[in-house]
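1. fold the following and give me the result.
(chains A, B, C and D)
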Protein chains: 2
Amino acid sequence: MTRKSSTRERILDAATDMFGLRGVEAVSLDVIAGEVGVAKQTLLYWFPSKDDLVQAVLDAAVLELSVGVEAAIRATSDDPLDRIDAVVRAVFRPAVRRPALLGLIREISRLSAPSGDRLAAALEPLVGRAVGYLRREMDLGRLRRADPRLVAALCYATVTGIATEPEALRAVGWQPSTVELRRLRNELLAFLRAALSPN
Amino acid sequence: MTRKSSTRERILDAATDMFGLRGVEAVSLDVIAGEVGVAKQTLLYWFPSKDDLVQAVLDAAVLELSVGVEAAIRATSDDPLDRIDAVVRAVFRPAVRRPALLGLIREISRLSAPSGDRLAAALEPLVGRAVGYLRREMDLGRLRRADPRLVAALCYATVTGIATEPEALRAVGWQPSTVELRRLRNELLAFLRAALSPN
DNA sequence: ACAATCGTCTACCATGTGGTAGAGAGTGGT
DNA sequence: ACCACTCTCTACCACATGGTAGACGATTGT
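-> Numbering: from 1, shown residues only, chains lettered A, B, ... in the order given. As a prediction, the model looks like this:
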C-alpha cells in the first residue's frame, strides 16, 4: 500500500508545485509526468482527467492549510493579536516550505465555476469563523473597529500577496534566505499588528 | 490614422482584459481574435507573435499605472499618509475600471525571464522612488519605523491582492457595487493608515 | 497453478495552438 | 493607368495537448 500509492503522492506533489507556480492552464500533463519520471498514462491512471487532478490538488492544499490553521488557533492564548500572529505563522510555514501552496489558492479566480465554487465551499467554514471571531474581538475593543469581513479579506490579501510574489520582493531588492525570510515574516506580523490594533 | 490603428487598440484592450483575468497562457490568440471580431491573422499582423502582444500589453499597463501614480504624487500635500492615500486611489481607479490591470502585473512571476525582467525594469524607478520616500518619512518620524523595502512590498501586496481577487471578497460575502466598492477602498485606506502610522 | 487485479507502459487520435504563405481589397501618389 | 503600400482575409502547417485502447509484467487471492 505504502509503496503503491507513492506514485500518486509524487504526482500530487509535483502537480501542486507546478500548478501553484505557473498556473493550471500553463502546465501540461506531459511536463508533470516528465517531472515525476513517469509516463503520462500512469498519471491518467491515478487521475482520470486533468480536472480530477486539479480537484485532488486543491483538496489536498485546502486540507493542509486548514489543518495547520486550526491547530494554531487552538494552541494560542486568548489575545487576538497573538492569535492572528499564530495563524499567520501557520500559513507562512507551509507556504515557505512549498511556495506554490498559496499560489494555488489564488488560482481560484481563474478556475472554471465548478472548481472555483468547490474550493470556495471548502474554505467557507474557515472564513466564516474568522469573520465571526474578528467581529467579537472588535466588539470587545481588542481590535480596531472596522468591517470584519473586509478586514479578513485584507489580511488574506496581504499574507498571500507577500507569500506568493517573490518577484515583487525581488523588485525591492529582497533576496531569499533563512534569515531574510524571518525578517520578512516579522515585518509582516508587525504590519498586521499595527493595522489591527485598537485605538 | 485614427481609424486605421483602432483595430490595434481594440486588440490591445481585449488582450489586456483576458490576459489579466485568466492568465497569459490560458488565453489563445483565437479567442482574442474572436472577442475582437477579427481574424487571427489580423492580430498577427499587428503583433508578429504572441510574445510581442504580451510585451505590448505589459508596456501599456505599466504606462497607464505609472502615469496615474506620478500625477497623484505630484498633486497631493506633503503629509505621507495623505500621499499614500492618493497613490492607492490612483491605483484603485484604473484597477476598478479594468480589473485585469493589476492582475496583469501579477503575471510577472509566471512569465518567462525576458518578459519578467523587462517588466521589473519598467517598474524599478517607481519602486526605487517609493522606497526612498518611505525611508525619508520614517527618518522624519512621520511613518512607523520599519524596513522601507518590505513595507513597500507589503503595501503592494495588500492593494493588488484586494484589487485582483474578487473571489476572495465574495468568499466573505462581499458583492460588487459602486457603494460597496467605495466602502472597500475606504477600509483599505484605513487599514494602510493604521499599519503605517507612527507610534 | 491460475485467474483476476493492479500499475505502468507504448501506440494512437482528435483537437487546438502559434505561426507561415500569400491572395485580395482598398487607398494614394505619379 | 500603374505602382506601392496598408490592412484584412482564407488556406494551411507542424506541433503540443488531453485523452483512449489495449498490451505487458507483477501481485494476490483461492
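
2. touching the helix or strand of chain A with the lowest mean pLDDT from outside, list them.
-> When each helix and strand of chain A is scored by mean pLDDT, DSSP states H and E, helix A:166-171 comes last, with a mean of 81. Residues from elsewhere that reach helix A:166-171 (Cβ atoms under 8 Å, 6 or more residues apart in numbering or on different chains): A:99, A:161-162, A:176, A:184, B:108-109, B:116, B:120, B:123-124, B:127, B:150, B:153, B:156-157. C-beta: built from backbone N, CA, C; applies to glycine.

3. helix or strand right after it?
-> Next in sequence after helix A:166-171, counting helices and strands by DSSP states H and E, comes helix A:178-196.

4. got a list of contacts for that following helix?
-> Outside of helix A:178-196, the residues within contact range by Cβ under 8 Å, 6+ apart are A:80-81, A:84-85, A:88-89, A:92, A:96, A:143-144, A:151, A:154-155, A:158-159, A:162, A:169, A:174, B:144, B:146-147, B:150-151, B:154, B:191-192, B:194-197.

5. let me see the mean pLDDT of it.
-> For helix A:178-196, the mean per-residue pLDDT is 92.

6. remind me which residues of chain A are low pLDDT?
-> A:1-5 (pLDDT under 70).

7. all helices of it, in order?
-> Ranges of helices in chain A, per DSSP state H, are A:2-22, A:29-36, A:40-46, A:50-75, A:80-97, A:100-105, A:113-139, A:148-164, A:166-171, A:178-196.

8. I'd like to know which elements the longest one is packed against.
-> If I follow you right, that is helix A:113-139. With contacts defined as 3 or more Cβ pairs under 8 Å, 6 or more residues apart in numbering or on different chains; DSSP states H and E, the secondary structure elements packing on helix A:113-139 are helix A:50-75, helix A:80-97, helix A:148-164, helix B:166-171.

9. which one of the ones you listed is the most hemmed in?
-> helix A:148-164 (a mean of 24; mean count of other Cβ atoms under 10 Å in any protein chain shown).

10. can you show me the CA trace of it as PDB?
-> Once side chains and other backbone atoms are set aside, the C-alpha atoms of helix A:148-164 remain, and they are given as PDB (Å, rounded to 0.1, in the frame of the first residue of the first chain):
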ATOM      1  CA  PRO A 148     -14.700  42.300   9.900                       C
ATOM      2  CA  ARG A 149     -15.400  40.800   6.500                       C
ATOM      3  CA  LEU A 150     -13.200  43.300   4.700                       C
ATOM      4  CA  VAL A 151     -10.500  43.100   7.400                       C
ATOM      5  CA  ALA A 152     -10.400  39.300   6.900                       C
ATOM      6  CA  ALA A 153     -10.000  39.900   3.200                       C
ATOM      7  CA  LEU A 154      -7.300  42.500   3.700                       C
ATOM      8  CA  CYS A 155      -5.300  40.200   5.900                       C
ATOM      9  CA  TYR A 156      -5.700  37.400   3.400                       C
ATOM     10  CA  ALA A 157      -4.600  39.600   0.600                       C
ATOM     11  CA  THR A 158      -1.600  40.900   2.400                       C
ATOM     12  CA  VAL A 159      -0.400  37.500   3.600                       C
ATOM     13  CA  THR A 160      -0.900  35.600   0.300                       C
ATOM     14  CA  GLY A 161       0.300  38.500  -1.700                       C
ATOM     15  CA  ILE A 162       3.600  38.700   0.200                       C
ATOM     16  CA  ALA A 163       4.000  34.900   0.200                       C
ATOM     17  CA  THR A 164       3.200  34.300  -3.400                       C
END
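
11. now A:Val38. Nearest residue, chain neighbours left out?
-> In this structure, A:Val38 finds its nearest non-sequential neighbour in A:Thr7, 6.6 Å apart by Cβ to Cβ, 6 or more residues apart in numbering or on different chains.

12. from what I see, the one you found and A:Thr42 are in contact.
-> Yes - contact criterion Cβ atoms under 8 Å: A:Thr7 and A:Thr42 qualify, at 6.6 Å.

13. make CSV from the helices of chain A and add distance to DNA strand C to it.
-> Formatted as CSV, the entries for these read as follows, by distance: least, Cβ to the nearest atom of the strand, whole Å:
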stretch, distance to DNA strand C
helix A:2-22, 3
helix A:29-36, 7
helix A:40-46, 3
helix A:50-75, 13
helix A:80-97, 25
helix A:100-105, 22
helix A:113-139, 18
helix A:148-164, 24
helix A:166-171, 22
helix A:178-196, 35
